[in-house]
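In: Compute the structure for the input listed below.
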Amino acid sequence: MRFIERSGTSLLLAALAGLFLAASAMAEPAPRRVVSLNVCTDQLAMLIAGEGQLHSVSFLARDSGTSAMAAEAQRYVINHSQAEEIFLMQPDLVLAGTFSSRPTIDLLRRLGFRVEEFAPARSFEDVRENLTRVGRLLHREIRAAELVADLDGGLAGLRDAKVPPRTIALYEANSYTSGTGTLTDAIFRAAGLTNIAEKLGVAGTVRLPMELLIMADPDLIAASNRDYGAPALAQENFTHPAYLALGAQERTVNVPVPNMICGGPFTLEAARILQEAASMPIGNVK
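Out: Below you'll find the model as predicted:
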């Protein structure tokens, strides 16, 4: 009987402690000086932060070839993910990617700064979770929920669109493609397209031999056509006679890189571009 009483008392104390911790978390003030070190967390923060809450974003946030929000990034101080410069900014919250500079993150934590890391989004579910998490960290849950609702509405619109069945391949410089478990594959699926990489058993981002691309004979080829500013060996695969004989140039859909690198509401635009291309006769998709 005493054991039961002690157990009941312990459970009650644990419940009260949990309520106390929850109340403390709710009472914790919202961060007032946020710094982001990663181009993807940059954009999540710019979408969600309140006025004056976000202080600094990475220098890549202003790169229109990488960031879908390059224009908005002009409003913020930029950083280069160096611990010294972040220390001088004295942020009360640092947002980083899991691939951000590890020495910087480790040093900032040792100095007592709060650092929250985000893995790259590989699905639209990841995008939802990242939006929700940033909203919670910044105490901007309502704004985050609005963005999630907009994302879900956009995905529903893509599902409702009538597009003919098409196969597609991502084919980039150095013959790189993206298979299952990638944001690119999630974009293809959202557009109602079949990624040939899945049929080939390709997972992640890897090089796709041109022979396999030609044998798969995709209806569409997604490419960024990134301008290197000069001839580059990395792009020689686009001028290979076998690639040209495939009629690849007539099948290529130019998708802006920033809409495919990071997950956000802007990612839907990549799927919309692909859906529009899939609705056109093959050979007239550019």
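In: Quick check: which element contains V127?
Out: V127 belongs to helix 124-137 when assigned by DSSP states H and E.
In: and that helix, what does it pack onto?
Out: With contacts defined as 3 or more C-beta pairs under 8 Å, 6 or more residues apart in numbering; DSSP states H and E, helix 124-137 has these neighbours: helix 39-48, strand 93-97, strand 115-118, helix 141-160, helix 183-190. (Each C-beta comes from the backbone N, C-alpha and C, glycine too.)
In: Which residues does the first one contact?
Out: If I follow you right, that is helix 39-48. For helix 39-48, the external contacting residues (C-beta atoms under 8 Å, 6 or more residues apart in numbering) are 34, 36, 54, 57-58, 60-61, 63, 66-69, 72-73, 76, 95-97, 118, 120-121, 130-131, 134-135, 138, 140, 143-144, 147, 261-266.
In: after it, next one along is what?
Out: Secondary structure here is assigned by DSSP H and E; on that basis, the next helix or strand after helix 39-48 toward the C-terminus is strand 54-58.
In: Equivalent analysis for the fourth one, please.
Out: Proceeding C-terminally, helix 141-160 gives way to strand 167-170 as the next helix or strand, assigned by DSSP H and E.
In: Run through the neighbouring helices and strands of that following strand.
Out: Other helices and strands packing on strand 167-170, by 3+ C-beta pairs under 8 Å, 6+ apart, are strand 176-178, helix 183-190, strand 194-195, helix 196-199, helix 210-216, strand 220-223.
In: What's the mean pLDDT across it?
Out: Along strand 167-170, the predicted local confidence has a mean pLDDT of 95.
In: Kindly report the same for stretch 198-208.
Out: On average, stretch 198-208 scores 92.
In: again with stretch 277-286
Out: Confidence over stretch 277-286 (mean pLDDT, whole number) is 71.
In: Low-confidence stretches in the stretch 1-150 of the chain?
Out: 1-27 (pLDDT under 70).
In: ok, now with 90
Out: Low-confidence segments of the stretch 1-150 of the chain, defined by pLDDT under 90: 1-28, 99-101.
In: N254 contacts L220, correct?
Out: No. In this structure, N254 sits apart from L220 without contact. The criterion is C-beta atoms under 8 Å, and the distance is 11.2 Å.
In: how long is stretch 95-110 from one end to the other?
Out: For stretch 95-110, the first and last residues are 16 Å from each other (C-alpha to C-alpha, to the nearest Å).
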